Structures are given as structure tokens and as C-alpha cells.
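[1] Here's my sequence, what's the structure:
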Amino acid sequence: MSTKTIPKKSLFYSILILGTLLICFCILEIGIRIFFPQSDLRIGQGYLFRYEPIIGYEGVPNAKGYFATSQFKTLVTHNKEGFRDIDHDHKNHSNTFRILALGDSYTWGHGVENNQIYVKLLENYDTNIEVINMGGPGGDPPGELKVYKFRGLEYDHDIVLLGFYVGNDIVSYYPQEDDSPPQYGYNEKGEFVLIGKVQPPEIVEKIRKESLEKYSPKKYKGLKENMYYWLVQHIQLYTFIDNFQNYYLRIIKSSPFWTKIKNIFGIENKYALGFLNYCKPEDSEEIQYGWNILYSTLETLKHYSSEAKAKLYVVIIPHVVQTSKNIYDYELIRSGHDPSSFDLEKPNNKLAEMCNKLGIDYLDLLPVMKEESSQGKLLYFPRDAHWNAEGHRIAAREIYKDLKGRGWL
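    As a prediction, this is how the structure comes out:
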């Protein structure tokens, strides 16, 4: 009798264990979807963004989807031209004061709703202000110059507002003739031009199609690939684990322990410094080249904006480390460096000097952001380094005051 009951007990316990694991999995999945929703952007290029042969990427026209992390969940809505904004006529029929905004993820609105983005908040201060937001995530000044040249100049506008993030907008491009899409750089004569090639329409469509099919469950990719893409598309717990794995890997790479290991072999751990690489007394050759690229970018932007009878206006967006001594001290302790080795205001001062030399109007938001942070206000998402809604609100308030003070409104 005992020999017959053992298999039944084993089956019962197996079902019980599997059922318990399934219930735990469902609870975790539901919990993540409610409290730590993962982004719709996780399913890859082709959902909200697609390949563009000159600019490099663009928003998919009229697309809509959620962008979310453990800290926020926002709805991203694109207009008919693929920008995170409402539709605007090319001609200024209403005779409004038009601001054409360029920039990276800050100007695109990483972590906030469409109507909470700092450039769009300017419209709340004055009904005669109209903002055309052409910001995009991952952008940089040379790329934003392409957006302005090939898209922005189609619109009537009074101001070109360039949101410059000192954290990573100093880029070093060494483009080659076969690069696609083309990038701004210096040719053999030292001229600042687009270098590379533009893909023909049939190649563009092929790239876009492959991008869409990459995550399509209908395309046969083999069992392993199909399982991976199905998990990414349907199980947020899987994406959550993957995201946090990458997050902790970054922490390890920027830790004092990893820095000391590299120092033993005479290797500088640049990963540990991040933004602080721009704050050293002497710039590396690569960073200095990035400043040269930026100077030429601003010079060219001013040329095009002047031809359009518009003013170029640079808004300097500070890094979170610059705004809080506590955060700065923590970063330095974590990376194992001497705080006296860095000048936190160096990138801002260098950009301000550049703007003065080129005759470009600018606003540095660092002083007011430091003041607001000293009063206990949280302006950035924790661990994310992007403005939260309060950060955007402060930025909009200061920009409006500055524009009004210049007599432009």
C-alpha cells in the first residue's frame, strides 16, 4: 500500500511546489507592473523611433507608448512629424512668439509628461508663446544641428533654444566617408561639414523593416531568440531583472574596488568619473576635440538661425552632481578621487566663454539649481540624473524670466 501512495504524494508535492512558484511569479509580475513598470521602449527601435538616413533616428509619426522605469511612468505621444509635441503649421499664421527647441533627453522630456517638459511650460506663462519641441533622447549638439538644418528651418520661428546638458553633450566625432548616417566633423581642409553617405530610400525602408521584424513574434529566429523576444515583450519581471543587472554592473564598474584594481595595472578608470572627466584641470585630447566640435556646431547653428532671422539662445543644463555637495561627495568617495582635483563649474564657464566669443545669448541654470537644491528641493530623479517635474518647472520659470529680462517677449 505504501508503494502506491508514494507516487501520489510526490505528485501532490510537485503540484503544490509548482503552484506556489506560479502564484509567487504572478504576484511579482503584477507588483512590477503596478509599482515598477518597465518601459514600452524596451521592445526596441521601431516602436517609438525609427532609422532616418541623415539625422540618424526620428520619432515614428503619431506613435504613442509608455516610457517607464521604477521611478516614473509617462505617456509619450508624437505628432505627425514624429516629435514629442502637438502639430504646428510651418507658417506662423497666428503671429505668436515662436521658440524652436533643440536638445537631448532633457528637452525631449525624459521622465515627465508631454505638458510637463520645461520648454512646453513656457507656454503657460504667456499665451503668445508657441514652442515647437524638436528635442530627442540621446541627442547631442552636432545631431541637433542636423535636426535644425533639415527639419527646423521649415518652420517660422523667432528663437532657436538649444538645451545643452553638460553631462554628456561634449562629444568627439571622427566621421569617415563611409559612415551612415553622415556626421558633422572636419574634412582634410579643416572645414566643418557633414561627412559620410546618405542611404537611398530602398535601403532606408529595408533597415526600418528589419528593425520592426527584429522583435516580431511572427518572424522565425530559432527557439532561443523567439523565447528571448517573447519574454522581453510580455514578461516585465524579465526586463526588470535585466535592467537591474545592468544597473548594478555599472555600480561595480564605477566602484573604488574596481578603480583600485585598474590602478594596479596603471589604467585610469574613466568609467568611475563620468561627468567629472570634464572637470579636470586639463582636458584630454579627446575632450578638447569635443569642445572644438561644439564650437563649430554653435558657430554653424548661429549662421543658420541668423539666415532664418532668429536668435540662437543656449540654455546650460547642469549635472546633478553640480547642484548638491552631498551628491558630489558621495560620487567622489565612491570613485576614490580627491575632491580638490575637480572644478565643477569648469564646463559651464567654458561654454559661457564660447558663447560670449560667438556672440550667442545664454542662460546658465546652475546657480538657481544649486540654490533650490540647498533648500531641500529634489529636482532630479534618484539614480537617474534627469529632471523630475519640479526640475522642469524651475527651469521654465528661470528661462521665462530671462527671456522677459532681455526684452524678447
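
[2] which residues touch Ser341?
    By CB atoms under 8 Å, 6 or more residues apart in numbering, the residues touching Ser341 are Lys280, Pro281. C-beta: built from backbone N, CA, C; applies to glycine.

[3] Tell me the gap between stretch 349-366 and the middle of its chain.
    Centroid separation between stretch 349-366 and its chain, computed with CA atoms, centre = their mean, to the nearest Å, is 22 Å.

[4] Next, the distance between the ends of it.
    11 Å (CA to CA, to the nearest Å).

[5] same thing with stretch 319-330?
    Across stretch 319-330, the terminal residues are separated by 14 Å (CA to CA).

[6] Can you point out the buried residues in it?
    Judged by neighbour count using 16 or more other CB atoms under 10 Å, the buried positions of stretch 319-330 are His319, Val320, Val321, Gln322, Thr323, Ser324, Ile327, Tyr328.

[7] Of these, which belong to helices?
    Here DSSP state H is the test, and the buried residues of stretch 319-330 give Val320, Val321, Gln322, Thr323, Ile327, Tyr328 as lying in helices.

[8] Around Ser374, count how many other residues there are.
    By other CB atoms under 10 Å, the residues close to Ser374 number 11.

[9] mind listing what it touches?
    Contacts here follow CB under 8 Å, 6+ apart; on that basis Ser374 touches nothing.

[10] likewise Glu130?
    Contact analysis of Glu130 by CB under 8 Å, 6+ apart lists His88, Asn92, Ser94, Thr96, Phe97, Arg98, Ile99, Glu123.

[11] And the strands in the stretch 101-250 of the chain?
    129-133, 159-165, 183-186, 192-195 (DSSP state E, counting those that start in this stretch).

[12] among the ones you listed, which is the most enclosed?
    Using mean count of other CB atoms under 10 Å, the stretch among the strands of the stretch 101-250 of the chain with the largest mean neighbour count is strand 159-165, at a mean of 26.

[13] quick one on the thing from earlier: report the buried members of the contacts of Glu130.
    Neighbour counting over the contacts of Glu130 (16+ other CB under 10 Å) leaves His88, Asn92, Thr96, Phe97, Arg98, Ile99, Glu123 as the buried ones.

[14] Which pair of the residues you listed spans the longest distance?
    Largest separation among the buried ones among the contacts of Glu130 by CB to CB: Asn92 and Glu123, giving 14.5 Å.

[15] looking at it, Leu145 is touching Thr297, isn't it?
    Yes: look at Leu145 against Thr297 with CB atoms under 8 Å: they come within range, at 5.3 Å.

[16] Of the buried ones among the contacts of Glu130, which belong to helices?
    Judged by DSSP H, the subset of the buried ones among the contacts of Glu130 located in helices is Glu123.

[17] Tell me who's in contact with the closest residue to Tyr289 other than its chain neighbours.
    Sequence neighbours aside, Ser172 is the residue nearest to Tyr289 in space, at 4.7 Å (criterion: CB to CB, 6 or more residues apart in numbering). Shown in contact with Ser172 (CB under 8 Å, 6+ apart): Glu286, Ile287, Tyr289, Gly290, Ile293.

[18] Just the buried ones out of those residues, please.
    Among these, those buried by neighbour count (16+ other CB under 10 Å) are Ile287, Tyr289, Gly290, Ile293.

[19] who are the neighbours in contact with the residue lying closest to Asp343 once chain neighbours are set aside?
    Nearest non-adjacent residue to Asp343, counting by CB to CB, 6+ apart: Cys279, 5.4 Å away. Residues near Cys279 by CB under 8 Å, 6+ apart: Phe342, Asp343, Leu344, Lys346, Pro347.

[20] got a winner among those residues for most neighbours?
    Using other CB under 10 Å as the neighbour criterion, Pro347 leads those with 26 neighbours.

[21] For it, grab phi and psi.
    In terms of degrees, to the nearest 10, the main-chain angles of Pro347 are phi -60, psi -40.

[22] Tell me where the model's unsure across the stretch 151-300 of the chain.
    In the predicted model of the stretch 151-300 of the chain, residues 214-222, 225-226, 228-229, 232-233, 242-260, 262-263, 265-273 satisfy pLDDT under 70.
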